[in-house]
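[1] Sharing a model that was predicted from the sequence below.
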Amino acid sequence: MRLLLAIACLSILLLSGALGLVTPQQCDLNPELDRDSERMNCYHNAAITYAYLNNRDRASETCLNIWLIFGAGAPNSNSDIVTKAEMTANNCFYDIALILKDPPVCANIQQRRDNAVNTRLFGEAVSQERCDRETRRLARIDPERYHQPGEDNLCNALFILPLLVLAVFIRGP
């Protein structure tokens with residue numbers, strides 16, 4: 001009986017959206033999101049939802065839609081909303097790359113509009129490099145790889161390190 005009650009409570013929690021799981025459709029239909037910046041953040045959260053569900057294609061598509069809907073389609077290319085769309089889309093790609101531990105997603109971080117001054121101060125190359133480095137690091141320490149031979153993994157920390165410490169104590173000063 002308790003198990004049934006626990007399952008019912010968990011189902012209500014999941015179905016009510018209490019975990020923050022959203023889809024782009026919910027972002028578009030939510031009347032409380034009346035500003036573009038709020039909808040961009042909602043799309044970002046939707047992409048993160050897809051990433052946690054391990055749906056790389058939908059997550060990447062949702063991040064790209066932030067730029068396509070709010071940035072590329074904006075009537076004034078010099079407005080703040082276009083800049084926010086570009087930055088939010090790039091942050092979105094960064095976040096889903098880390099969640100998925102998938103370095104190729106980092107290639108989507110890019111400067112999408114042409115700056116009139118062309119100062120190249122946006123930093124997309126640095127963001128791409130950092131994203132790539134972080135996702136590769138996370139992929140190396142992934143729990144699914146703990147028992148693969150020839151890798152720096154949990155076995156090294158649990159078995160080799162204590163043996164090394166024991167050998168040092170036995171040998172003495």
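    Arrived safely, thanks for sending.

[2] C-alpha from now on. contacts and neighbour counts both.
    OK.

[3] Return the helix or strand in the protein with minimum mean pLDDT.
    helix 154-155 (a mean of 60; mean pLDDT, DSSP states H and E).

[4] Would you tell me what the next helix or strand after that one is?
    helix 161-171 (DSSP states H and E).

[5] what about that following helix, average pLDDT?
    Here the mean pLDDT over helix 161-171 is 80, rounded to a whole number.

[6] How about stretch 113-123?
    When pLDDT is averaged over stretch 113-123, the result is 57.

[7] and if you look at stretch 42-56?
    94.

[8] ok, and for it, which residues are buried?
    42, 43, 44, 45, 46, 47, 48, 49, 50, 51, 56 (16 or more other Cα atoms under 10 Å).

[9] which one of those residues is nearest residue 98?
    Closest to residue 98 out of these is residue 51 (9.2 Å), distances taken as Cα to Cα.

[10] Measure how far the helix or strand harbouring that closest one is from the centre of its chain, please.
    If you go by DSSP H and E, residue 51 is part of helix 36-52. Here the centre of helix 36-52 is set off from its chain's centre by 10 Å, with Cα atoms, centre = their mean, to the nearest Å.

[11] Please save the CA atoms from that helix in CSV.
    Below are the C-alpha coordinates for helix 36-52, written out as CSV (Å, rounded to 0.1, in the frame of the first residue of the first chain):
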residue,chain,number,x,y,z
ASP,A,36,11.1,37.5,-25.2
SER,A,37,13.8,37.2,-22.6
GLU,A,38,11.6,35.1,-20.3
ARG,A,39,10.7,32.8,-23.3
MET,A,40,14.4,32.5,-24.2
ASN,A,41,15.2,31.3,-20.6
CYS,A,42,12.3,28.9,-20.9
TYR,A,43,13.6,27.5,-24.1
HIS,A,44,17.0,27.1,-22.4
ASN,A,45,15.4,25.1,-19.6
ALA,A,46,13.6,23.0,-22.2
ALA,A,47,16.9,22.2,-23.9
ILE,A,48,18.3,21.2,-20.5
THR,A,49,15.3,18.9,-20.0
TYR,A,50,16.0,17.2,-23.3
ALA,A,51,19.7,16.9,-22.5
TYR,A,52,18.8,15.2,-19.2
